[in-house]
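J.: would you be able to build a 3D model of this:
(chains A, B and C)
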Amino acid sequence: MEILNDLMNYLPAAIVAIGGLVVMMQDGYKVKSRTIYSTTMIFLGLALVVATHDLFFAERSELFSGMALSGGTAAYGTFIVVFGAFFTVILTHDYLIGVKHNFPQVYPLLMFCTVGMITLATANDLVTVFVGLETMSICLYALAGIIRDKRLGVESALKYFIMGAFSTGFFLYGIALLYGATGYTRLEEIGAFTDGGLIYWGGVSLLMVGFFFKVSAVPFHMWTPDVYTGSPTTIAAFMATAAKTATFVALVLVLERALPFAAEQLVGTFSVIAIMTMILGNVVALVQDNVKRMLAYSSIAHVGYLFVGLAAGTVEAYSAVLFYLLAYTFMNVGAFGVIAYYEKNHDVHFNNVESYSGLGYQQPIMAVLLSIFLFSLAGIPISAGFNAKLLVFAAAVDAGLIALVVIGVLASAASAYYYLRVMVYLYMREPKEVVTLIQPKLVYSVSLVLLAGLTLYFGVMVGDVMSMLNSFFAVSEAATAAAP
Amino acid sequence: MEAPIVSSYIVMAGALAVLLNSAAVVVYVERRVAAFIQNRVGPNRVGPFGLFQPLADVIKLIFKEDVTPIYGNRTLHTLAPMFPVITALITVAVIPFGDGLFITNINVGVLFILAVTSLGVYGVTMAGWASNSKYSLLGGLRAAAQMLSYELPLGMAIASVVLFAASLSMVDIVNSQLYWWHVFVNPIGAIIFIIAAFAEANRTPFDLVEAEQELVGGFHTEYSSMKFGMFFLAEYMHVVIGSMLITTFFFGGYHLPFAGYYAHLLPEAGTWLKAMLDIAVFLGKTGFFVFLFIWVRWTIPRFKYTQLMSLGWSKLLPLSILNFAVIAFILMLIHG
Amino acid sequence: MFEQYLPIIVLIGIAVTLALVLMLISRLIGPHRPNAPKLRPYESGMDPVGDAKERYSVSFYMVAMEFIVFDLEIVFIYPWAVRYQELGFGTFWAVMVFLSILTLGLFYTLKKESKSFEMTKTK
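T.: Numbering: from 1, shown residues only, chains lettered A, B, ... in the order given. Here you go, the predicted structure:
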């Protein structure tokens, strides 16, 4: 049966979906929170194994009568998303126990969210993109406000929901107009269409506005700082990494397969948005005292660097963007993880940079890990962040966008200030009040060490990943060339 | 296409006459049966055996004052009683009364029925909202919750019928029962449908909407005169319509039981005779279910609200979904 | 096609006219002598306390939301129920998966939100 064959190729999503249902029913029938957590870990672990296998061995093919893809970028996106979800669940469990809000609903929501992200990253049809985006977003709205007795959490959930619903309207209307202009919702069939009329461009613009909102590019970024600040810290990490990765993979796929014609015309737009996003993200991050808010603005800045890659629009640039997402997932989940650790020792509002004074000498391992992640985010050599930026900027230089790269490098240099400021407080300031940190759980510190290790590893070894990523697009180029 | 159009208007006139008169008849029958069950006499003064009692009621209602409570929403208050009457009247459009005797045979008849019956909830909710009275509001909200909750098992039960007929046309559904009525092959669906039809008509044991002891008159506390009369009329028309739908979906419509096995053995009847027989069979079954509605009302006590909701959501709905799945599986094995 | 729907339109017209006529008859014939106590909302003969339109329980909202989910499910079921014989077993299993996921959701809500199905007016 064809449908079973398709399901076998779509196994990570199926596992996570079934796991989500199982965990949901466990929650309904009041199973112990500890058991729910273990079940979640078993299913996500299984999905991670399958996703890793798919990443290296899966055939590139179309599934479900062309609605979804397997292999290639799809497998890559699935891997990052499941990887991010796996570590988010580990960190979230400890974090929520630490802040005494251990709601078991978090686990099914996280898993359904992951299913939505996988759908998004493997989409081959604008309808699938939309379904994945909404599944992901609705779960994220609920997750943002999961600590519902704190005002900030409720505020962030409501802001996220209202703005998200608004942007969904743009997105859907864009799909409708593109369908009206071309008669298709399948990506490559839209891609065959090169005669841009008013309806076509209207559709493209609205679709892009929807995407820009979801990845929080300036000027559609306003929700990001408030939502990240109000959400539980580890959930904010999930939003900043897995959600952004899934959306960016879909955006790259849409640009590369559905709108290659529009992408050429949109270089100017992408450049302007990249410049605005980099400058605004970095400048505003400079003056933030709240570390979570600082990381939120820094995530906006990173979207700016990613847009440099999108503006370049070459195969190397798209590969570099995908690599950037992988590196960003490692370092950002790690950074948020350490902040969550500091927070759960005190209370939810313990994230002013001044309260970090002198914490570097208590639990030195955590401070060292935070330093590694922040170095990587700042793009200092021998870290994944450095290589990611290097590759993106190199691709942009090859595409002739010299001015854009210069601005990017300057902005990146400015960013070093606010990342290093945290370390200054950690190591060089006298503590104002005595804060005792408890020993982190073994699994917590081990996963952070693992993330730090990966961050450093990809700071040295990028060749293999890049050749793999290039091959994704190379094959699809060949396939397009072969099928006239 | 000329002939069926003419016949459809004749049927329409007949159906409307039957429906409007039946409401009056059912009011009378209800009171007589209630009296019989409670060992009383019942109405016996107006006309022979009290037969003109409903007529007297209507005349009385017309001569009463029409009051809209202060601060109530006058437009909605006036609009509300029209909804149940209109929905009850237009439901007959797709019910077949005999072979070829229907107002119209559209290929989405079942969807039409679902759409129209679900409109009925608006009247009750609007009445509750527009009255500016606590009893009315609570009655209207309860009515909305109840009718929504029981629409789901109703819909699933009809879906299980559609599986047998493989068509959404009411005529096809009746004709698929030529040999076996659906009540024999789909008994659980039939029971669920009957229960849900009782709830949709707001009849005991589901008449919490107008539970006198708690809510006075429920959603029509603030209604008087013919506005109240229209709610009253609509309630009884819904009883008749509900009985017609039970007959059509599960009890073979105008077919006798197992008619397909022996129909050809019977002597050939003329067109008029056959039409009369079909209508008689259909109305006979409908009459029985109307009697069942009344019988249940005066025999079974009212549910509590929690019982009502838990019956609808945690018993009937899962049961109807399971019933649908099992029937679909068996039919797939037979035909697939 | 249109001929089939014409009787329905005629019927709706008749029904609306009938409802309007019934409404107007009592308007025209019945007396009209309003006074303040008559127009007050009925509260068992006492003076009304407070406004009728206050906040009511969120559980009604929950029921409405559940209803929308399952009503949509039924809408999806109908087209399949008409054509299931041609569509074969692959589609059958897909529909069954769809049904069972929603039924799981129903059980979850019933377990989790059992309070929502107890209709009481709250403060």
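J.: sec struct for the residue nearest to B:Ala35 when sequence neighbours are not counted, please.
T.: Of all residues not flanking B:Ala35 in the chain, B:Gly42 sits nearest, at 2.8 Å (CB to CB, 6 or more residues apart in numbering or on different chains). Where you see a C-beta, it was placed from the backbone N, CA and C, and this is true even at glycine. Classification of B:Gly42 by DSSP: H, G, I helix; E, B strand; the rest coil places it in coil.
J.: what of B:Leu168?
T.: coil.
J.: let me know how buried the nearest residue in space to A:Ala327 that is not next to it in sequence is, in neighbour terms.
T.: Computed as CB to CB, 6+ apart, the closest residue to A:Ala327 that is not its neighbour in sequence is A:Ala384, at 3.6 Å. The tally of other residues near A:Ala384 (other CB atoms under 10 Å in any protein chain shown) stands at 29.
J.: again, but for the one 3 residues further on
T.: Close neighbours of A:Asn387, defined as other CB under 10 Å, add up to 24.
J.: what pLDDT does the closest residue to chain B within the stretch 151-300 of chain A get?
T.: Closest approach of the stretch 151-300 of chain A to chain B (CB to the nearest CB) occurs at A:Ala165, with a separation of 24.1 Å. Looking at A:Ala165, its pLDDT is 91.
J.: same check on the one 5 residues further on?
T.: According to the predicted model, the pLDDT of A:Phe170 comes to 93.
J.: for A:His53, same thing?
T.: 91.
J.: and what of the one 4 residues further on?
T.: Residue-level confidence at A:Phe57 comes out at 85, pLDDT.
J.: count the residues that sit near it.
T.: 9.
J.: wait, what's in contact with it?
T.: Shown in contact with A:Phe57 (CB atoms under 8 Å, 6 or more residues apart in numbering or on different chains): no residues.
J.: distance check, A:Phe213 against chain C.
T.: Distance, A:Phe213 to chain C, using CB to the nearest CB, to the nearest Å: 26 Å.
J.: pretty sure that residue contacts A:Phe170?
T.: Yes - between A:Phe213 and A:Phe170 there is a contact at 7.2 Å, judged by CB atoms under 8 Å.
J.: quick one, which of these two is more surrounded?
T.: A:Phe213 (23 against 19).
J.: number of nearby residues for residue 168?
T.: Unless you meant another one, I'm taking chain A. Neighbours of A:Thr168 using other CB under 10 Å come to 18.
J.: ah, no, chain B please
T.: 23.
J.: so it makes contact with C:Val82?
T.: Yes - using CB under 8 Å, B:Leu168 makes contact with C:Val82 at a distance of 6.0 Å.
J.: can you list the residues of chain A near chain C?
T.: Counting by CB under 8 Å from any CB of the partner chain, the positions of chain A adjacent to chain C are A:1-3, A:21, A:24-25, A:27-30.
J.: just to revisit the earlier point, report the contact partners of the residue of the stretch 151-300 of chain A closest to chain B.
T.: Counted by CB under 8 Å, 6+ apart, A:Ala165 has zero contacts.
J.: can you pull out the strands in the stretch 1-150 of chain A?
T.: Secondary structure of the stretch 1-150 of chain A (DSSP state E, counting those that start in this stretch): strands at A:61-63, A:68-70.
J.: buried deepest among those, which one?
T.: Among these, ranked by average contacts under mean count of other CB atoms under 10 Å in any protein chain shown, first place goes to strand A:68-70 (a mean of 25).
J.: okay, now the unreliable bits of the chain?
T.: Using chain A. A:1, A:347-349, A:474-484 (pLDDT under 70).
J.: think we crossed wires, I meant chain C
T.: C:1, C:45, C:50, C:52, C:114-123.
J.: what residues does it have near chain A?
T.: So far as CB under 8 Å from any CB goes, chain C lies against chain A at C:90, C:93-94, C:101, C:104-105, C:107-108, C:111-112.
J.: show the buried residues in those residues.
T.: The neighbour count (16 or more other CB atoms under 10 Å in any protein chain shown) marks C:105, C:108 as buried among the residues of chain C next to chain A.
J.: chain B: which of the residues of chain C next to chain A is nearest?
T.: Out of the residues of chain C next to chain A, the member with the shortest distance to chain B (by CB to the nearest CB) is C:Phe107, at 7.5 Å.
J.: can you tell me the centre-most residue of chain B?
T.: Among the residues of chain B, the one closest to the centroid is B:Gly242, at 1.9 Å (CA atoms, centre = their mean).
J.: could you find the closest non-adjacent residue to it?
T.: B:Ala197 (4.3 Å).
J.: try A:Val131
T.: A:Thr119 (6.1 Å).
J.: near that neighbour, how many other residues are there?
T.: For A:Thr119, using other CB under 10 Å, the count is 27.
J.: so it sits right up against A:Ala68, yeah?
T.: Yes - A:Thr119 is in contact with A:Ala68 according to CB under 8 Å; the separation is 7.3 Å.
J.: show me whatever sits in contact with both of the two.
T.: Among the neighbours of A:Thr119, those also in contact with A:Ala68 (CB under 8 Å, 6+ apart) are A:Thr128.
J.: on that earlier part again, between A:Phe213 and A:Phe170, what contacts are shared?
T.: Between them, A:Phe213 and A:Phe170 share no contacting residue, judged by CB under 8 Å, 6+ apart.
J.: which ones are touching A:Val204?
T.: A:174, A:178, A:259, A:262, A:266.
J.: just the element for the first one, please.
T.: Using DSSP states H and E, A:Gly174 sits within helix A:151-182.
J.: how far off centre is that helix?
T.: 18 Å (CA atoms, centre = their mean, to the nearest Å).
J.: cool, stretch A:382-401 as well?
T.: Averaged C-alpha coordinates place stretch A:382-401 at 19 Å from its chain's average position (CA atoms, centre = their mean).
J.: same question, stretch B:104-119
T.: The chain centre lies 14 Å from the centre of stretch B:104-119; the measure is CA atoms, centre = their mean.
J.: quick one: that stretch near chain C?
T.: Yes - shown here: stretch B:104-119 in contact with chain C (CB under 8 Å from any CB) through B:104-106, B:110-112.
J.: PyMOL command for the buried members of those?
T.: Buried members of those, identified by 16+ other CB under 10 Å, are gathered into one PyMOL selection as follows:
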select buried, chain B and resi 104+105+106+110+112
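J.: and the helices in the stretch 151-300 of chain A?
T.: Ranges of helices in the stretch 151-300 of chain A, per DSSP state H, counting those that start in this stretch, are A:151-182, A:187-191, A:198-215, A:223-230, A:233-238, A:244-253, A:260-265, A:267-286, A:291-312.
J.: now chain B against chain A: closest residue?
T.: Counting by CB to the nearest CB, chain B gets nearest chain A through B:Ser314, at 12.7 Å.
J.: got the contact list for that residue?
T.: By CB under 8 Å, 6+ apart, B:Ser314 lies in contact with C:Leu110.
J.: now the strands of the stretch 1-150 of chain A in CSV, with distance to B:Gly98?
T.: Below are these laid out as CSV (distance: least, CB to CB, whole Å):
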stretch, distance to B:Gly98
strand A:61-63, 52
strand A:68-70, 52
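J.: I'd say A:Tyr342 and A:Leu359 touch.
T.: Yes - using CB under 8 Å, A:Tyr342 is in contact with A:Leu359, at 6.7 Å.
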